[in-house]
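Chemist: Following is a predicted model, sequence given first.
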Amino acid sequence: MPSWERIIRLADLSDRRAVRVACKGHALCLSLAGGSPVAVADECAHRNTALSGGLVRDGILTCPGHFWRYDLRTGQCINRPDRVASHECRVADGWVHVLMPDPAPVLGLRAMLLAVAGRARDTGAATTGPGHPPRP
Ligand code: FES
(Lines give C-alpha, C1' and ligand atoms only; values in the text may rest on other atoms or scores of the structure.)
Protein backbone atom coordinates (compact mmCIF):
# COMPACT_ATOMS: atom_id res chain seq x y z
CA MET A 1 0.00 0.00 0.00
CA PRO A 2 1.46 3.42 -0.95
CA SER A 3 2.50 5.60 1.97
CA TRP A 4 3.85 9.11 2.53
CA GLU A 5 7.49 9.01 3.61
CA ARG A 6 9.55 11.88 5.05
CA ILE A 7 12.59 12.06 2.76
CA ILE A 8 14.70 15.21 2.95
CA ARG A 9 14.61 18.80 4.21
CA LEU A 10 13.28 21.20 1.59
CA ALA A 11 16.27 23.49 2.28
CA ASP A 12 18.62 20.70 1.15
CA LEU A 13 17.16 20.65 -2.39
CA SER A 14 18.34 22.81 -5.27
CA ASP A 15 16.85 23.71 -8.63
CA ARG A 16 20.26 23.17 -10.34
CA ARG A 17 21.17 19.69 -9.18
CA ALA A 18 19.49 16.50 -8.03
CA VAL A 19 20.11 14.25 -5.05
CA ARG A 20 19.73 10.51 -4.68
CA VAL A 21 17.78 9.13 -1.72
CA ALA A 22 16.88 5.51 -1.04
CA CYS A 23 13.46 4.77 0.39
CA LYS A 24 11.54 1.51 0.78
CA GLY A 25 13.86 -0.29 -1.61
CA HIS A 26 13.52 2.38 -4.31
CA ALA A 27 16.15 4.91 -5.42
CA LEU A 28 14.73 8.41 -5.82
CA CYS A 29 16.10 11.40 -7.68
CA LEU A 30 14.89 14.63 -6.02
CA SER A 31 15.21 18.24 -7.06
CA LEU A 32 13.21 21.46 -7.26
CA ALA A 33 11.12 22.59 -10.22
CA GLY A 34 9.56 26.03 -9.98
CA GLY A 35 10.34 26.07 -6.26
CA SER A 36 8.45 22.84 -5.58
CA PRO A 37 10.01 19.48 -4.78
CA VAL A 38 9.87 16.80 -7.47
CA ALA A 39 10.84 13.13 -7.28
CA VAL A 40 11.39 10.56 -10.01
CA ALA A 41 12.94 7.12 -10.10
CA ASP A 42 16.73 7.48 -10.10
CA GLU A 43 17.24 5.29 -13.13
CA CYS A 44 17.35 6.46 -16.73
CA ALA A 45 14.94 4.68 -19.06
CA HIS A 46 17.75 4.31 -21.59
CA ARG A 47 20.51 2.38 -19.80
CA ASN A 48 19.72 2.71 -16.10
CA THR A 49 22.26 5.44 -15.34
CA ALA A 50 21.52 7.29 -12.10
CA LEU A 51 19.67 10.45 -13.09
CA SER A 52 20.76 12.13 -9.85
CA GLY A 53 24.18 12.68 -11.43
CA GLY A 54 22.67 14.96 -14.06
CA LEU A 55 22.26 18.69 -14.25
CA VAL A 56 18.92 20.40 -13.74
CA ARG A 57 17.68 23.57 -15.36
CA ASP A 58 14.11 24.87 -15.31
CA GLY A 59 12.83 21.51 -14.04
CA ILE A 60 14.52 19.60 -16.85
CA LEU A 61 17.19 17.07 -15.91
CA THR A 62 19.82 15.94 -18.41
CA CYS A 63 20.95 12.35 -17.91
CA PRO A 64 24.74 12.14 -17.51
CA GLY A 65 24.79 8.93 -19.56
CA HIS A 66 23.77 9.99 -23.06
CA PHE A 67 22.02 13.29 -22.39
CA TRP A 68 18.39 12.27 -22.64
CA ARG A 69 16.35 15.03 -21.02
CA TYR A 70 13.51 14.51 -18.55
CA ASP A 71 10.80 16.80 -17.25
CA LEU A 72 11.11 16.20 -13.51
CA ARG A 73 7.48 17.24 -12.91
CA THR A 74 6.19 14.27 -14.90
CA GLY A 75 9.11 11.88 -15.48
CA GLN A 76 8.49 12.21 -19.22
CA CYS A 77 11.51 12.17 -21.50
CA ILE A 78 11.55 15.16 -23.83
CA ASN A 79 11.26 14.32 -27.53
CA ARG A 80 11.05 10.60 -26.78
CA PRO A 81 8.18 8.37 -25.69
CA ASP A 82 10.18 6.99 -22.74
CA ARG A 83 9.51 8.01 -19.16
CA VAL A 84 10.56 7.24 -15.62
CA ALA A 85 8.24 6.86 -12.66
CA SER A 86 7.40 10.11 -10.91
CA HIS A 87 6.27 10.37 -7.31
CA GLU A 88 3.90 12.88 -5.76
CA CYS A 89 5.56 15.22 -3.24
CA ARG A 90 4.31 17.50 -0.47
CA VAL A 91 6.01 19.68 2.11
CA ALA A 92 5.23 19.68 5.83
CA ASP A 93 7.24 21.40 8.56
CA GLY A 94 10.12 22.03 6.17
CA TRP A 95 10.39 18.39 5.13
CA VAL A 96 9.65 16.87 1.74
CA HIS A 97 7.33 13.89 1.92
CA VAL A 98 7.05 11.55 -1.06
CA LEU A 99 4.22 9.16 -1.83
CA MET A 100 6.01 5.83 -2.13
CA PRO A 101 4.72 2.56 -3.56
CA ASP A 102 5.22 -0.72 -1.79
CA PRO A 103 8.83 -1.84 -1.35
CA ALA A 104 10.52 -3.15 -4.46
CA PRO A 105 10.35 -6.94 -4.45
CA VAL A 106 13.55 -8.73 -3.59
CA LEU A 107 14.26 -11.14 -6.42
CA GLY A 108 16.20 -14.33 -6.06
CA LEU A 109 18.87 -15.19 -8.63
CA ARG A 110 16.51 -17.44 -10.60
CA ALA A 111 13.81 -14.75 -10.76
CA MET A 112 16.36 -12.11 -11.83
CA LEU A 113 17.71 -14.33 -14.62
CA LEU A 114 14.20 -15.10 -15.85
CA ALA A 115 13.32 -11.40 -15.84
CA VAL A 116 16.46 -10.52 -17.83
CA ALA A 117 15.84 -13.39 -20.26
CA GLY A 118 12.25 -12.21 -20.73
CA ARG A 119 13.37 -8.65 -21.51
CA ALA A 120 16.03 -9.94 -23.94
CA ARG A 121 13.45 -12.17 -25.64
CA ASP A 122 11.04 -9.25 -25.94
CA THR A 123 13.69 -7.02 -27.55
CA GLY A 124 15.33 -9.78 -29.60
CA ALA A 125 18.69 -9.03 -27.94
CA ALA A 126 19.46 -12.68 -27.17
CA THR A 127 18.47 -14.03 -30.57
CA THR A 128 21.48 -12.78 -32.51
CA GLY A 129 25.23 -12.71 -32.10
CA PRO A 130 27.86 -15.38 -31.42
CA GLY A 131 26.33 -18.50 -29.94
CA HIS A 132 22.83 -17.24 -30.65
CA PRO A 133 21.95 -17.86 -34.31
CA PRO A 134 19.00 -15.86 -35.59
CA ARG A 135 15.66 -17.54 -35.12
CA PRO A 136 13.80 -18.51 -38.27
S1 FES B 1 21.74 6.20 -19.79
FE2 FES B 1 20.56 8.03 -19.74
S3 FES B 1 20.61 8.70 -21.76
FE4 FES B 1 21.69 6.83 -21.83
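Modeler: Okay, I see it.

Chemist: burial measure for G75, as a count.
Modeler: Number of residues near G75 (other Cβ atoms under 10 Å) recorded here: 21. C-beta here means a position set from N, CA and C on the backbone, and glycine is covered the same way.

Chemist: where's it relative to R110, distance?
Modeler: Counting by Cβ to Cβ, to the nearest Å, the gap between G75 and R110 amounts to 31 Å.

Chemist: State the distance from M112 to R119.
Modeler: Here M112 is placed at a distance of 11 Å from R119 (Cβ to Cβ).

Chemist: Which one of the residues in the protein is closest to the ligand?
Modeler: Using Cβ to the nearest ligand atom, G65 is the residue of the chain that sits closest to the ligand, at 2.6 Å.

Chemist: That residue: what's its closest spatial neighbour, skipping adjacent residues?
Modeler: The shortest distance from G65 to any non-neighbouring residue, by Cβ to Cβ, 6 or more residues apart in numbering, is to T49 (3.5 Å).

Chemist: Please apply the same query to D58.
Modeler: Excluding the flanking residues, the one nearest D58 by Cβ to Cβ, 6+ apart is A33, at 7.7 Å.
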